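Undergrad: just need the structure, nothing else, for what follows:
(chains A and B)
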Amino acid sequence: MDLHSTVRRMSVVILTLLALILAACGSSQPPAGGDQGAQPTAPTSPPVAQPQPTAPPMAGAEQQPTGTAAPSDPQQGGTLVVAHTSDPGSLNPAITTAFNVHFVTDQIFNGLVGLDDQLNPVPELAASWEVSEDGKVYTFNLQPNVTWHDGQPFTSADVKFSFEEALLKFHSRTKAGLEPVLEAIETPDANTVVFRFKQPYGPLLQRLDVVEAPIIPKHIYEGKDIQQDPAHLTPIGTGPFRFVEYVKGDHVTLERNPNYFREGLPYLDRVIFRIIPDANTAALALEQGEVDFLFSVQGSDIERLRQDADLTLVPGFGGSGGSLCQITLIPNLTKEPFNTLEARQAFYHALDREFILERVYFGQGSVSTGPISRQMSWAYTPEVQAYPYDPTLANELLDQVGYQRGSDGNRFTIRFTHASSFARLGEVMRDQLKEVGINLELESMDFNAAVDKVFIQKDFDLGVASYCNGPDPEIGVRRVYVSSNIGPIPFSNGASYRNDQVDQLFDQAATTIDRDQRAEIYRQIQKIIVDDVPYFWIVDSEGFRAYRSNFEGFRVSVGPFLETAFRRADR
Amino acid sequence: MIGAQPHLGFYVARRLLQAVPLVLGVLVITFVLIHVAPGDPITILAGDGGDAAYYEEMRARFGLDRPLPEQLVRYIAEVARGNFGYSFRYQQPVYNVVFAHVPATLLLMGTALLLSTSLGLLLGTLAALRSRSPLDHSITAGTSAIDAIPVFWLGQLLMLAFAVKLGVFPIQGMRSVRYDYTGIRGVLDILHHLALPALTLALAQLALIARLTRTSLRQVLAEDFIRTARAKGLAERMVLWRHALRNALLPIVTVIGGHIGVLLTGAALTETIFAWPGLGRLLLDSVLSRDYPLIMAIFILVSAMVVLANLLTDLIYTLLDPRVRYD
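TA: Numbering: from 1, shown residues only, chains lettered A, B, ... in the order given. Okay, the predicted model is just below:
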């Protein structure tokens, strides 16, 4: 074969290849743009979130999603592949609040107390408990015959060790919440743990689940550097699944714990967390059956996945990364214009939040009314000052306080400092605010830079965060509004809001034991705060979990979401 | 030839020694840049919802509260002792984390380089031999078009075409997780997963190599010695292989050698799209989470790789052109 014929032959091959590629490109749909920002391990804002007002309560396991057949009886067996957005790195949940760690470890470990699908406390490692009259002493009776995955017995000493050596030192939320009020943890016998408080403490039971307070084995960690010990890479828990292997950047494999203290659970034989950082790729992998479960569907994919008969979509409002999250704008109250109440009211009236919910968040959630998400039904109240979309009123208010329009039609300029995942929100707001003469300048940064600028440097006019309420207002609401939490702290009181009455009421709520009485105090707090509008609550968010329809039984709003999951017999 | 150069060993040693200040420079600049850039690793180190004292304590624990020059000096001293520190995010020695990700990246970059070089040389040669023909124009237009597509989009297009529509390749990952393949099946499984990311990364480099080959080869083909070779009655194939291409390769090798850094950038995006567990994605992750020790270690490793690649390039010269001697 001479050179010329080789050339000719090769060119045919190559041109065919090129044509093939071009044709394939032309016929396939364009990749979803989405506003999926780079948000590596956002601890406060999990990739997803939650709640919906009008929808029925999301009942994870029990809920029958639309479009599927009646549930079948759970059966043992099967392998489930879960898409995970970010490499966990290490697997000790007691020293971190990070979603990327807890998403995996919440299946391996347990809390003293669990949460039901409405986030109410239920027995877990503690079979029962009593609270003293004065609300200062909690006595927990542990489940008998619980063993660690290595066969060692689980005892009260493990609980004490977990709190004193790990949780109260390195789990930021538990440390901040319990350390100042806790007097001692006592272990009168191997099956009893007593928490003694300096003052009555109401919210304890809601902060003992595997997300907030996972129990780790004393016999593994005692005497070691708990932050850096290699035992992080081969976790030993008491939970429904035990650790098999972790290949960095690639996957984590777990297997069924045959000795799990809850008889018959879990159902799945094997669970594999596959690390897929790109949301588009993860959605495609789900559609193609390479993975079976996706914790967070990005807005632009919802419709497409919903059309797929092999997939089930269920809304969830909580989980390993935080529960009941609210997309919240953070005005800097220490400077103009947000130091005036009327300017804040005007600003809030100028935002069409229904539009934002539909266009920016693809209808995932509901328009917020105040500082507590409506999913926290026991504490939430809708009876607060409303700020409906009303540009005319906004213009009037701004005229009244003397922010006149300049020759260019602008009254003033505000810089909106935000993580790139909020870019779309910024663009929509800029258009809406133009109508009332507010010029919004967009400052888009990566997640960490934005956190630094708003919370640490406090160099901003308007910021934004997804603040998560958590299972109790004491965990995730208080920190945003009390004046003692103004400081260089991520996800703290970023607006620098001060109201003595609010401070006192939060303290009062924490030391009240009766839940109805606590709820009454929180309703009062909501009214005062919404009158002050120190923040602009946009959306009580909700996120879709999607899974292959041959599986079912996921608890989509709590940390241990796989405990009751199973493969359907009929598919 | 290498064997014919007795002093080559000294040359290599000298070049490696010269690289030390270079890598040190990269270290200092990177260190200053990442610390001066806005952002703070504190949420990774300490989580959220903590109180101020706790964040201070954690900063102190990791030495982040000290003045920057002091942190830099401490860091260099540690590195000089071979200690690259602990990753904030992985809570284990940086060394373990980085080296766990190296093989995947080498495999991806190596395959992509092989693909882009061979395909680029082929296309460039075709274009040069058929200069100004429709074939030449379509090759130039085709490679330019691919070159204009951003890597992440190109990756998604290939994924949609070959993994979703045709279903011939998997969408993501380096191995199947549902099955434990071993031996030859394990190798085939990896190759199956490798195809799309490697093709993506290769296509992103293709235009450069094809165009360079075309230009370089055309120049060489116009040289006197080619006419001489033809006049001697050498077969056209011999003329091309023995004389023209070999000489045309010099500038191409130079460019490829200097291109390793760019290749890694492309690898970061490709690895992210295809969930390939490599170094590029690790770098991107660590930058986003401000995992300073990890970022530093990767940059040092990459700059060392670039230095080595350049050295290798210079050594390849001696193979291609006996007139080049290092002694």
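Undergrad: do stretch B:33-48 and chain A meet?
TA: Yes. Under the criterion of C-beta under 8 Å from any C-beta of the partner chain, chain A is reached by stretch B:33-48 at B:Ala37, B:Pro38, B:Gly39, B:Asp40, B:Pro41, B:Ile42, B:Thr43, B:Ile44, B:Ala46, B:Gly47, B:Asp48. Heads up, the C-betas are built off the backbone N, CA and C, glycines and all.
Undergrad: what's that stretch in contact with?
TA: A:41-44, A:96-98, A:171-173, A:445-446, A:448-449, A:451-453, A:456-457, A:490-491, B:54-55, B:58-59, B:62, B:64, B:68, B:71, B:88-89, B:287, B:289-292, B:295-296 (C-beta atoms under 8 Å, 6 or more residues apart in numbering or on different chains).
Undergrad: what about those residues, which are in strands?
TA: Members of these lying in strands (criterion: DSSP state E): A:Met445.
Undergrad: please indicate which of the residues of stretch B:33-48 next to chain A are buried?
TA: Neighbour counting over the residues of stretch B:33-48 next to chain A (16 or more other C-beta atoms under 10 Å in any protein chain shown) leaves B:Pro38, B:Gly39, B:Asp40, B:Pro41, B:Ile42, B:Thr43, B:Ile44, B:Ala46, B:Gly47, B:Asp48 as the buried ones.
Undergrad: who are the contact partners of A:Arg353?
TA: Applying C-beta under 8 Å, 6+ apart, the residues near A:Arg353 are A:Val367, A:Ser368, A:Tyr389, A:Ile538, A:Val539.
Undergrad: which SS state does the fourth one fall under?
TA: For A:Ile538, the secondary structure call by DSSP: H, G, I helix; E, B strand; the rest coil comes out as strand.
Undergrad: what of the third one?
TA: Here A:Tyr389 is coil, with the state taken from three-state DSSP.
Undergrad: A:Asn191: which of the residues of stretch B:33-48 next to chain A is nearest?
TA: B:Gly47 (30.9 Å; C-beta to C-beta).
Undergrad: per-residue confidence for the most centrally placed residue in chain A?
TA: Centrality entry for chain A: nearest residue to the mean C-alpha point is A:Gly322, 3.0 Å, by C-alpha atoms, centre = their mean. A:Gly322 is assigned 84 on the pLDDT scale.
Undergrad: would it count as being in a helix?
TA: No. Counting by three-state DSSP, A:Gly322 is located in no helix; its state is coil.
Undergrad: what does the stretch 51-200 of chain A put close to chain B?
TA: A:79, A:81, A:86-87, A:89-90, A:92, A:96-98, A:171-173, A:175-177.
Undergrad: which of these has the largest number of neighbours?
TA: A:Thr96 (30 neighbours; other C-beta atoms under 10 Å in any protein chain shown).
Undergrad: quick one: which of the residues of the stretch 51-200 of chain A next to chain B sit in helices?
TA: A:Ser172, A:Arg173, A:Lys175, A:Ala176, A:Gly177 (DSSP state H).
Undergrad: so what pLDDT did the first one get?
TA: Spelled out, that is A:Ser172. So, for A:Ser172, pLDDT stands at 89.
Undergrad: send the alpha carbons of the helix or strand of chain B with the lowest mean pLDDT over as PDB?
TA: Of all helical and strand segments in chain B, the minimum by mean pLDDT, DSSP states H and E falls on helix B:42-46, at a mean of 79. Backbone C-alpha positions of helix B:42-46 (Å, rounded to 0.1, in the frame of the first residue of the first chain) are rendered in PDB as follows:
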ATOM      1  CA  ILE B  42     -12.200  27.600  59.000                       C
ATOM      2  CA  THR B  43     -15.600  26.100  58.000                       C
ATOM      3  CA  ILE B  44     -13.800  23.000  56.800                       C
ATOM      4  CA  LEU B  45     -11.700  22.800  59.900                       C
ATOM      5  CA  ALA B  46     -14.300  23.600  62.400                       C
END
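Undergrad: quick one on the thing from earlier: how close does the residue nearest to the centre of chain A get to A:Gly316?
TA: Distance, A:Gly322 to A:Gly316, by C-beta to C-beta, to the nearest Å: 12 Å.
Undergrad: kindly report the same for A:Tyr522.
TA: Taken as C-beta to C-beta, the span from A:Tyr522 to A:Gly316 is 23 Å.
Undergrad: same deal with A:Arg424?
TA: A:Arg424 is 22 Å from A:Gly316, by C-beta to C-beta.
Undergrad: looking at these two, which is more packed in?
TA: Neighbour comparison, A:Arg424 and A:Gly316: the larger count goes to A:Gly316, with 25 against 19 (by other C-beta under 10 Å).
Undergrad: tell me the bridge partners for the more buried one.
TA: Beta-bridge partners recorded for A:Gly316 (DSSP bridges): A:Gly543.
Undergrad: quick one: pLDDT of it?
TA: At A:Gly316, pLDDT is 92.
Undergrad: you'd agree it is up against A:Val556?
TA: Yes. With contact taken as C-beta atoms under 8 Å, A:Gly316 and A:Val556 are classed as touching, separated by 3.6 Å.
Undergrad: can you name the residues that contact the nearest residue to A:Pro388 once chain neighbours are set aside?
TA: Distance criterion C-beta to C-beta, 6 or more residues apart in numbering or on different chains; nearest residue to A:Pro388, sequence neighbours excluded, is A:His349 at 7.2 Å. By C-beta under 8 Å, 6+ apart, A:His349 lies in contact with A:Tyr387, A:Pro388, A:Tyr389, A:Asp390, A:Pro391, A:Leu393, A:Ala394, A:Leu397.
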